[in-house]
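> Here is a sequence together with a model predicted from it:
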Amino acid sequence: MSSVADIPTSRIWNLDETGMSPQTRSTRKKVLAAKHMRGNVQESNDRTNMSGLVCVNADGGFVPPFFILPGKKIRVRDTAGGLKGSMFAASESAFLTTKLFIQYFEWFVQVIPPERPVLVIADGYKCHFSSRTLQYVRKHSAPEPGFIGYEVYTDASFACQSKERKSLTGYVIKMAGTSVSWCSSKQGGTSLSTAEAELTALSEGAKESVWLRHLLGEMGYPQKVTVQVWSASNAAISIVKNPGNHKANKHIEIRYLFTRDLEEFGRLKIAYCTTTEMTADILTKALATKQFLKLREKLGVRDLELNPST
């Protein structure tokens, strides 16, 4: 098939599924009455959900509709009043399933003209929700022209230095899926706990984020949204978010107060990231091969195969 423009219009078909909720009047009666009171007889209304499949071609031709009713079986009275040649089926959800689609397609090729279709475009009912979601995102969440956003990943390895027992800080800043700033360095002070080491890494990543924010602003890309910062330590996040007394040293207190102020001012939004998805974890410790390759991929590092002859 070289081009859609080369296909005859009579051989291009579009299949659309639409949900419906027809209001029907039931012949059943029900009595509404309180105890020891005379009841009023009223007709009850039943609302039935169903869907219909309509298929037309680009030349104006069409096939009879295919109706899907709720339930396990089709009752004779449910098909009364249907268009001539219509097909009926049943499903628990009242919408198209894989099994019903195969059933429909087998019926479809029998009722269409002898000239077989070349292109069939299927638009299921669930696709309608997807298109509405995309329209909403495009309308409400599309970044402004010239906007560049980024996110920060921070991690630490507690007391990993064999002699000095210093911890290791690692952070990565990713922009548009690419790492633009990263660090893997030994911490200056000696952390007394994993939470303290993670808090130190968190504050270092926050400082780098502030620097990058100012740099982008000077380049004409002001940051108008909160920067997402990920940490692999719930304890460190709790220290930052909880204003209680943590009995910390002065330099540690300054670190979490600095990070907390950035979050309160709306510059940062700190959240937890699992260790398996923490990109900065590759910068703080040795990993198994599978995890190393996974995080290397997330980091944006690629293998370059160079030909020695070039």
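Thanks, I have it.
> now the strands for the stretch 101-250 of the chain?
Residue ranges of the strands in the stretch 101-250 of the chain, as given by DSSP state E, counting those that start in this stretch, are 119-123, 150-157, 168-175, 178-186, 227-231.
> what about the spatially closest residue to residue 100 that is not a sequence neighbour, how many neighbours?
Closest residue to residue 100 apart from its sequence neighbours, by Cβ to Cβ, 6 or more residues apart in numbering: residue 89 at 5.5 Å. For every residue, glycine as well, the C-beta is placed using N, CA and C. Look at residue 89: counted by other Cβ atoms under 10 Å, it has 18 neighbours.
> try residue 214
The burial count for residue 214: 12, using other Cβ under 10 Å.
> low pLDDT regions in the stretch 201-310 of the chain?
Counting by pLDDT under 70, the ranges of the stretch 201-310 of the chain that qualify are 243-253, 304-310.
> Could you list everything the closest residue to residue 174 other than its chain neighbours pairs with in the sheet?
Sequence neighbours aside, residue 151 is the residue nearest to residue 174 in space, at 5.7 Å (criterion: Cβ to Cβ, 6+ apart). Counting by DSSP bridges, residue 151 forms beta bridges with residue 174, residue 228.
> List the residues that contact the closest residue to residue 235 other than its chain neighbours.
Spatial nearest neighbour of residue 235, excluding adjacent residues (Cβ to Cβ, 6+ apart): residue 195 at 3.7 Å. Counting by Cβ atoms under 8 Å, 6 or more residues apart in numbering, residue 195 touches 233, 235, 236, 239.
> nearest residue to the last one other than its sequence neighbours?
To tie it back to what came earlier, the one meant is residue 239. residue 256 (5.1 Å).
> so which strand or helix has that neighbour?
Element membership for residue 256 (DSSP states H and E) is helix 250-264.
> The residue nearest to residue 100 against residue 73, yeah?
No - Residue 89 is beyond contact range of residue 73, at 10.3 Å (criterion: Cβ atoms under 8 Å).
> and residue 158, how far is that from residue 187?
10 Å (Cβ to Cβ, to the nearest Å).
> where do the helices sit along the stretch 51-200 of the chain?
For the stretch 51-200 of the chain, helices defined by DSSP state H, counting those that start in this stretch occupy the ranges 98-111, 125-140, 194-218.
> and residue 170, which of those is closest to it?
helix 194-218 (6.5 Å; Cβ to Cβ).
> so the closest one versus strand 150-157, what angle?
Counting by axes from the mean of the first three to the mean of the last three Cα atoms, to 10 degrees, helix 194-218 lies at 150 degrees to strand 150-157.
> Mark out where each domain of the protein begins and ends.
According to automatic domain parsing, the chain comprises the domains 4-21+48-140, 150-299.
> picking up where we left off before, JSON lines for the strands of the stretch 101-250 of the chain, including distance to residue 278 and mean neighbour count?
Formatted as JSON lines, the strands of the stretch 101-250 of the chain follow (distance: least, Cβ to Cβ, whole Å; neighbours: other Cβ atoms under 10 Å):
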{"stretch": "strand 119-123", "distance to residue 278": "40", "mean neighbour count": "14"}
{"stretch": "strand 150-157", "distance to residue 278": "5", "mean neighbour count": "26"}
{"stretch": "strand 168-175", "distance to residue 278": "9", "mean neighbour count": "24"}
{"stretch": "strand 178-186", "distance to residue 278": "13", "mean neighbour count": "14"}
{"stretch": "strand 227-231", "distance to residue 278": "7", "mean neighbour count": "24"}
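> Cool, thanks, talk later.
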